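Student: sequence plus the predicted model coming up.
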Amino acid sequence: MGLLQPLPLPSQCWEEVSHDLTTVLPLTPKGYNAIVTFVDKLSKRAIFVPATLSIDAKGYADLFYKEIFWHFGLPKALVSDRDPRFTSHFRKSLNQRLGTSLKLSTAHHPQTDGQTERASRAIEDMLRAHVSPFKTTGTNT
């Protein structure tokens with residue numbers, strides 16, 4: 001086996017974006033139970049967007065459009081694990097039409113998508129510290 005090779009760094013911010021979906025979180029009062037994490041590969045800036053476990057490819061694309069494309073434009077590349085939500089026919093068609101490339105990593109291999117996985121772990125840790133299983137909505141205890 002060869003040595004692990006990291007992906008090359010992009011030359012501009014938001015030129016390459018990695019993304020991940022963290023699921024099976026406690027249900028919020030607004031009905032969210034997942035978080036979509038978008039990370040700029042150069043600046044390491046992370047954007048966390050509330051979502052639901054039932055999000056489909058179209059809903060995911062809508063979130064990407066509102067949170068990334070609208071603010072930063074279309075990245076040249078997207079880095080993702082091989083979750084079926086990301087590799088759907090819709091996503092492949094969208095990438096072809098827009099002229100972007102989809103860089104697939106293998107799930108749980110941080111050498112290719114580590115910064116998004118790390119950002120996802122950080123938000124999970126922050127949520128765990130903030131939300132107690134004994135805390136009820138509307139109280140300060």
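Tutor: Received it, and whenever you're ready, just let me know what you need.
Student: chain center to the longest helix belonging to the chain: distance?
Tutor: Scanning the chain for the helix with the most residues, using DSSP state H, yields helix 110-130. Distance of helix 110-130 from the chain centroid (Cα atoms, centre = their mean, to the nearest Å) equals 10 Å.
Student: and that helix, what does it pack against?
Tutor: strand 16-22, strand 34-40, strand 46-51, strand 77-80 (3 or more Cβ pairs under 8 Å, 6 or more residues apart in numbering; DSSP states H and E). C-beta here means a position set from N, CA and C on the backbone, and glycine is covered the same way.
Student: between those strands, which one is nearest to T28?
Tutor: Closest to T28 of the helices and strands packed on helix 110-130 is strand 46-51 (Cβ to Cβ; 7.0 Å).
Student: with just CA atoms, put that closest one into PDB.
Tutor: The C-alpha coordinates for strand 46-51 follow below in PDB (Å, rounded to 0.1, in the frame of the first residue of the first chain):
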ATOM      1  CA  ALA A  46     -17.400  26.000   8.900                       C
ATOM      2  CA  ILE A  47     -21.100  26.700   8.400                       C
ATOM      3  CA  PHE A  48     -23.600  24.600  10.300                       C
ATOM      4  CA  VAL A  49     -27.200  24.400   9.000                       C
ATOM      5  CA  PRO A  50     -30.100  22.700  10.900                       C
ATOM      6  CA  ALA A  51     -31.800  20.000   8.900                       C
END
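Student: pLDDT of the helix or strand following it, averaged?
Tutor: Note on strand 46-51: by DSSP states H and E, the next helix or strand toward the C-terminus is helix 57-64. On average, the pLDDT along helix 57-64 is 83.
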